[in-house]
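[1] this is a predicted model, with the sequence first.
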Amino acid sequence: MATPKQWIDGARPRTFPNAIAPVVAGTGAAGWLGDAVWWKALLALAVSLSLIVGVNYANDFSDGIRGTDDDRVGPMRLVGSKAAPAVAVRNAAFAAFGLAAVCGLVLALSSAWWLIVVGVVCIAGAWFYTGGKNPYGYAGLGEVAVFVFFGLVAVLGTQFVQAERIDWIGVVCAVAVGSYSSAVLVANNLRDIPSDTESGKNTLAVRLGDTRTRTTHLALVALPSVLSLVLIAATPWALLGLIAAPLAWRANAPVRSGALGPALIPAIAQAGMAMVAWALATAAALFLA
């Protein structure tokens, strides 16, 4: 059986910024409207973290039983390494999805019933990323899903449950966070091009090829800084978001230098740090305005 440390590693803590940043940015957008509600922000964070843990375990399970993780370059996987039974990892994913559903239900009942439908779509999206007969993650749509679910839905959902409306500030924040979040996956899939190609996992990186994937990564980590300049139309404090630019540039460094395999892992971590820094700085700017 897997050790507690292996279970924690299996939850992929390096991806947690993808769950934290959208809630921070969405709460900042709600604060801009004068309607931040902290207990709802905390529940939104619980939903977001539970979903990302769920999708990570679900990915571990689905890729593991398919044999995609048999020859990995990145961190170990519970099923692929046979550290844990596949059924146990699947059940861990379901437990995380269940927690997300409970917390999301409370938020829906306190704001709008149709958010229940949004929650169901999010959980289905998390499972079918690599699960089911035709996983969309194997068709090059993973980055699109991350942009939608951990960018648009997570940020705007966080703003809506607190302020009960969304505005252009929320949309800009959602696009910025979605771009950073997608960049994390792009770097991950760039690293895995050889193994994914061999296993038939046609990620966006596999479809684009090495060179165009590296260009895509640069565009994704640069866009949030441009959007900070757009937010100046709301408040000059938005320039605080540029504090993340050096981190974004550092995140792209291994990518633009042509690094391969494990040498690309820092790009994943640095993009996550840049995303959280941008969200924190921008949220602070929106509260200060």
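    On my side now, so go ahead.

[2] contacts, neighbours, all on C-alpha from now
    Noted.

[3] in what helix or strand does residue 129 lie?
    Counting by DSSP states H and E, there is no helix or strand that carries residue 129.

[4] give the burial count for it, as a bare number.
    For residue 129, the neighbour count with other C-alpha atoms under 10 Å is 23.

[5] just the pLDDT for the closest residue to residue 149 other than its chain neighbours.
    Ranked by C-alpha to C-alpha, 6 or more residues apart in numbering and with sequence neighbours excluded, the top spatial neighbour of residue 149 is residue 122, at 6.8 Å. For residue 122, the model assigns a pLDDT of 96.

[6] what does the strand or helix carrying residue 122 rub up against?
    Element membership of residue 122 [criterion: DSSP H and E] is helix 115-127. Here helix 115-127 makes contact (C-alpha atoms under 8 Å, 6 or more residues apart in numbering) with 51, 54, 55, 58, 59, 97, 101, 104, 105, 108, 145, 149.

[7] ok, and for it, which residues are buried?
    Applying a neighbour-count criterion of 16 or more other C-alpha atoms under 10 Å, one finds 115, 116, 118, 119, 122, 123, 125, 126, 127 buried in helix 115-127.

[8] and stretch 91-104, by the same measure?
    Quick answer for stretch 91-104 (16+ other C-alpha under 10 Å): 92, 93, 94, 96, 97, 98, 99, 100, 101, 103, 104.

[9] and the last one, which of the three is it?
    If I follow you right, that is residue 104. Recorded secondary structure, residue 104: helix (DSSP: H, G, I helix; E, B strand; the rest coil).

[10] leaving out sequence neighbours, find the closest residue to it.
    What sits nearest to residue 104 in space, not counting adjacent residues and going by C-alpha to C-alpha, 6+ apart, is residue 47, at 6.1 Å.

[11] for the one you found, what are its contacts?
    Contacts of residue 47 (C-alpha under 8 Å, 6+ apart): 99, 100, 101, 103, 104.

[12] how far away is it from residue 254?
    32 Å (C-alpha to C-alpha, to the nearest Å).
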